[in-house]
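Student: Pasting the sequence and the predicted coordinates here, then a few questions.
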Amino acid sequence: MTDLTRYSELVIRQQVEQLEIFTPFETANRYSVHSSDGAQLMYAYEESGDISRQFAGSHRALSIHVVENGGAPVLQASRDFFWLRSHLRVDADGRRIGALNRIFGLGRKFALVDPDDREITRLSGGLFRRHTFIAQSAGGGEIARVTKQWSGFGREMFTDADTFVVQFTDAGTDNDFRLLMLASAFAIDLDFFENQS
């Protein structure tokens, strides 16, 4: 399995879908995952129904598969259709490593939970920094963050292809937590930026 503890930062680039530039047709998302020095580490792709992408939008049931460049699976993040509160189950190596559950209420927050549904941390989007989501330790210190980066005028105006940076500010976090943070970038994209273009 990919050891993310070697990386202090991951860059997730959503691939531009040509069909989405010229039509309102929503296609399945695809992403590439890179190290901070630009080396591609992994590839991610969405599995969902054509009809649900068009009519259920960001509420659709889906699975996101993350694989290494050679095709070996790294993780699978999946969810069912939802009305109000999104969720994303995360599995790696054939085992559940946790989930992300959207917290209902003001603000943009997820609870990251372990396989037994015990809360590990919360990932919160700031009121004034709407592109930054911070995970904090029980003591209040930052342990990781996900930031949506500016992708350039053309990409921002004409596509919903985004770029996210996952930073691990606490070097002591384990691989399962880092996999959950990688999955959180997909959840943030789906919940908050999917239909912004």
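Tutor: Yep, that arrived. Numbers count the residues shown, from 1 in each chain.

Student: and the longest helix seen in the chain, average pLDDT?
Tutor: Longest helix in the chain by number of residues (criterion: DSSP state H): helix 175-188. Across helix 175-188, pLDDT averages out at 97.

Student: How far off centre is that helix?
Tutor: Here helix 175-188 is found 6 Å from its chain centre; the criterion is CA atoms, centre = their mean, to the nearest Å.

Student: Could I get the buried residue list for that helix?
Tutor: Buried residues in helix 175-188, counted by 16 or more other CB atoms under 10 Å: 176-188. All C-beta atoms are positioned from the backbone trio N, CA, C, and that covers glycine.

Student: possible to save these as JSON lines with distance to Leu106?
Tutor: Shown next, in JSON lines, are the buried residues of helix 175-188 (distance: CB to CB, whole Å):
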{"residue": "Asp176", "distance to Leu106": "30"}
{"residue": "Phe177", "distance to Leu106": "26"}
{"residue": "Arg178", "distance to Leu106": "28"}
{"residue": "Leu179", "distance to Leu106": "29"}
{"residue": "Leu180", "distance to Leu106": "24"}
{"residue": "Met181", "distance to Leu106": "23"}
{"residue": "Leu182", "distance to Leu106": "27"}
{"residue": "Ala183", "distance to Leu106": "24"}
{"residue": "Ser184", "distance to Leu106": "19"}
{"residue": "Ala185", "distance to Leu106": "23"}
{"residue": "Phe186", "distance to Leu106": "23"}
{"residue": "Ala187", "distance to Leu106": "18"}
{"residue": "Ile188", "distance to Leu106": "17"}
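
Student: for those residues, which one is nearest Arg145?
Tutor: Met181 (8.7 Å; CB to CB).

Student: close enough to count as contact, the closest one and Thr147?
Tutor: No: Met181 lies out of contact with Thr147 (CB atoms under 8 Å); the separation is 11.9 Å.

Student: check contacts around the residue nearest to Ser8 when sequence neighbours are not counted.
Tutor: Spatial nearest neighbour of Ser8, chain neighbours left out: Phe168 (5.5 Å); criterion: CB to CB, 6 or more residues apart in numbering. Contacts for Phe168 (CB atoms under 8 Å, 6 or more residues apart in numbering) come out as Leu4, Tyr7, Ser8, Glu9, Ile143, Ala144, Arg178, Met181.

Student: Could you rerun that using 10 Å?
Tutor: By CB atoms under 10 Å, 6 or more residues apart in numbering, the contact set of Phe168 is 4-5, 7-10, 135, 143-145, 177-178, 181.
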